[in-house]
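J.: Kindly generate the corresponding structure for this input.
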Amino acid sequence: MSSEPQLMVPGGDQEPPVPGAASGPGGSSGPVANETLEDYTLRFAPRSYRRWTPMVVATTALGGIAYLADFSIGAGIGFTHGTGNALAAIALAAAVIFVTGFPLAYYGARYNIDLDLITRGSGFGYYGSVLTSVIFASFTFIFFALEGSIMAQGLKLGLGMPLWAGYLVSTLMVIPLVIYGMKALSKLQVWTTPIWLLLMAGPLIYLIVTDPGTVDRWLAYAGTDGEGGVNTASVLLGAGVCLSLIAQIGEQIDYLRFMPPKTEANRRGWWAAVVMAGPGWVVLGALKQAMGVFLAVYVLSEVGPAAATEPIQQFRGAFDAMMPSWLVVPLAVVLVVISQIKINVTNAYSGSLAWTNSVTRITKHYPGRMVFVLVNLAFALILMEADMFSFLNTILGFYSNCAIAWVVTVATDIMVNKYLLKLSPRVPEFRRGMLYAVNPVGVVAFTAASGLSIAMYFHVLGDALQPYSPVAAALIAFFLTPLMAVVTKGRYYLRRTDDGLDEPLLDADGNPSAVPYVCHVCRQEFERPDVTACRTHDAVVCSLCLSTDKVGDHLLPAAPAT
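T.: Presented below is the predicted three-dimensional model:
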């Protein structure tokens, strides 16, 4: 089917769309006009909105990993398994996260879509990726709760505020910052990053320079079992906890999707930004985990093992060695608060995108992103009040199995099924009507990998196999994803290959085309990758109106894939 698009010609006589003047499919209202508030929740991020340089996008994305949870995670692994095992576990997890994160970051930056939209076209299908969207949303409120708990510990130490009140303050204070999406977040992250880096790295450098013996004591720490040495089971158990952070690439992509087009002129800066702010986040993350072990061992004799995993206690001890006592607690609290704000605006922002994506597809009604900012914060607050910090490693160890299975499945589909087997379409597709509802390639691989690894984690398959659950999640997903593509011959990726428009999706440089169209349903302007021809009108319809089409009037009919 081919249709003549309604092309919005810049400077032409066509009447501009009236925000909110038209109803969406099935009686739902059209998309909101204020894109700053909604931040392209369900859609391709258009070139007209992407005004930031690669380095600004990268700095904003890296600001989202300012969390102090790494210090707690590293300390917990170090206390349980010893420094040697902890460092090996951290390095192993970082290598896996970097390798799997690279193709996802590239696709997000190159095609300007978030991880859910990438997942749809990389083995899961239009509705199949709802499952992984919920998993990602869970990641955001789990880590919001963790960071909120750390901030509450800081407020208790510095201001004497009860923990329950600190949980509430840490939750409510991010709402104004999250409302305005990327425009506000880019300013926040750019301006606070230098202060955060100075407060975080300064004490560690001071301790190492003035007291080199701290390094020897750190490296010699044997953990609570007192055995010392490196062993496979301990390394894999520790890596499983670290690998719970593998889903962080989704939050990085929520920023990377706003990268400018890749051209010959900006090629080096573009690639540097994608690598640094995409998979490169894990380099800083691994360093923070190792620092967490170091600082926890340093303050262990003073505060005891329970409090030594708290970042506020770690930095209070470090600051105490280098500055007047009256300045120690205030600076430690400032560091905790800045870190919590930097990461939790990202957690709330990314979680709202994931929930909105899922609910809109299921209900075919678009409630707006702000509703789910509040939903995500409510879940996080419940976890904080339930004292999740006290059983942190158990939660993260369980969650990592699901996250690993998902990310490895999508990364394998991109690297193997798209580029080696060529059974998966190279250019990602996310629009309803173009995709099958469910693609067994990703859904089967993910379900099998996460199900079996979770069974192993909870000792269902025996105590001996329990430490290997993260390895099982990764290996099963890696082998099943291409196997399912071969078995199904790739037929469930695309419901049809022609979206009814003659204009190419990509421009001459391989970037998404910026040619504008007007959706005949909501009468707003969208760029070429965000629209298809309409089934019932000689016009185009946007991806958001397709998502909210309750009766399917606008969906193109299925056609054999070629």
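
J.: In this structure, where's the longest helix?
T.: If you go by DSSP state H, the chain has its longest helix at helix 325-363.

J.: which parts of that one are buried?
T.: Judged by neighbour count (16 or more other CB atoms under 10 Å), helix 325-363 contains these buried residues: 328-329, 331-361. The way it works is simple: take the backbone N, C-alpha and C, and place the C-beta from them, glycine included.

J.: Ok, stretch 367-379 next?
T.: Buried residues in stretch 367-379, counted by 16+ other CB under 10 Å: 368-370, 372-373, 375-377, 379.

J.: Tabulate those residues (TSV), appending pLDDT, distance to residue 65 and secondary structure.
T.: Below are those laid out as TSV (pLDDT from 0 to 100; distance: CB to CB, whole Å; DSSP: H, G, I helix; E, B strand; the rest coil):
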residue	pLDDT	distance to residue 65	secondary structure
368	72	27	coil
369	73	22	helix
370	78	25	helix
372	82	22	helix
373	83	20	helix
375	86	24	helix
376	84	18	helix
377	88	20	helix
379	86	21	helix
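
J.: Let me have these in TSV, adding distance to residue 400 as columns.
T.: Below are these laid out as TSV (distance: CB to CB, whole Å):
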residue	distance to residue 400
368	32
369	27
370	30
372	24
373	26
375	24
376	20
377	23
379	19
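
J.: picking up where we left off before, pLDDT averaged over the longest helix of the chain - what is it?
T.: Computed over helix 325-363, the mean pLDDT rounds to 81.

J.: quick check, distance from it to the centre of its chain.
T.: Its chain's average C-alpha position is 13 Å from that of helix 325-363, according to CA atoms, centre = their mean, to the nearest Å.

J.: Offset the numbering so it begins at 833, please.
T.: With the count now opening at 833, the last piece we talked about shows up as helix 1157-1195.

J.: tell me the SS of residue 1364?
T.: Following DSSP: H, G, I helix; E, B strand; the rest coil, the label given to residue 1364 is strand.

J.: who's in contact with it?
T.: By CB atoms under 8 Å, 6 or more residues apart in numbering, the contact set of residue 1364 is 1263, 1265-1266, 1331-1333, 1372-1373, 1375, 1378, 1388.

J.: In helices, which of these fall?
T.: Taking DSSP H as the definition of helices, the contacts of residue 1364 contribute 1375, 1378.

J.: possible to save the contacts of residue 1364 as JSON lines with distance to residue 999, pLDDT and neighbour count?
T.: Output for the contacts of residue 1364, formatted as JSON lines (distance: CB to CB, whole Å; pLDDT from 0 to 100; neighbours: other CB atoms under 10 Å):
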{"residue": "1263", "distance to residue 999": "40", "pLDDT": "93", "neighbour count": "25"}
{"residue": "1265", "distance to residue 999": "44", "pLDDT": "91", "neighbour count": "22"}
{"residue": "1266", "distance to residue 999": "43", "pLDDT": "94", "neighbour count": "24"}
{"residue": "1331", "distance to residue 999": "47", "pLDDT": "92", "neighbour count": "21"}
{"residue": "1332", "distance to residue 999": "51", "pLDDT": "91", "neighbour count": "19"}
{"residue": "1333", "distance to residue 999": "50", "pLDDT": "93", "neighbour count": "19"}
{"residue": "1372", "distance to residue 999": "47", "pLDDT": "94", "neighbour count": "28"}
{"residue": "1373", "distance to residue 999": "44", "pLDDT": "94", "neighbour count": "32"}
{"residue": "1375", "distance to residue 999": "37", "pLDDT": "89", "neighbour count": "22"}
{"residue": "1378", "distance to residue 999": "40", "pLDDT": "90", "neighbour count": "27"}
{"residue": "1388", "distance to residue 999": "48", "pLDDT": "92", "neighbour count": "22"}
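
J.: For residue 894, what is the enclosing helix or strand?
T.: Residue 894 belongs to helix 886-895 when assigned by DSSP states H and E.

J.: should've said residue 1282
T.: Residue-wise, residue 1282 maps onto helix 1272-1289 under DSSP H and E.

J.: Tell me the buried residues in stretch 1066-1074?
T.: Going by neighbour count (16+ other CB under 10 Å), the buried part of stretch 1066-1074 is 1066-1074.

J.: Which one of those residues is nearest to residue 895?
T.: Each of the buried residues of stretch 1066-1074 was scored against residue 895 by CB to CB, and residue 1074 proved nearest at 21.1 Å.

J.: Quick check: that closest one touching residue 1120?
T.: No. Residue 1074 lies out of contact with residue 1120 (CB atoms under 8 Å); the separation is 11.0 Å.

J.: Need the per-residue pLDDT for residue 1238.
T.: Confidence score, pLDDT, at residue 1238: 94.
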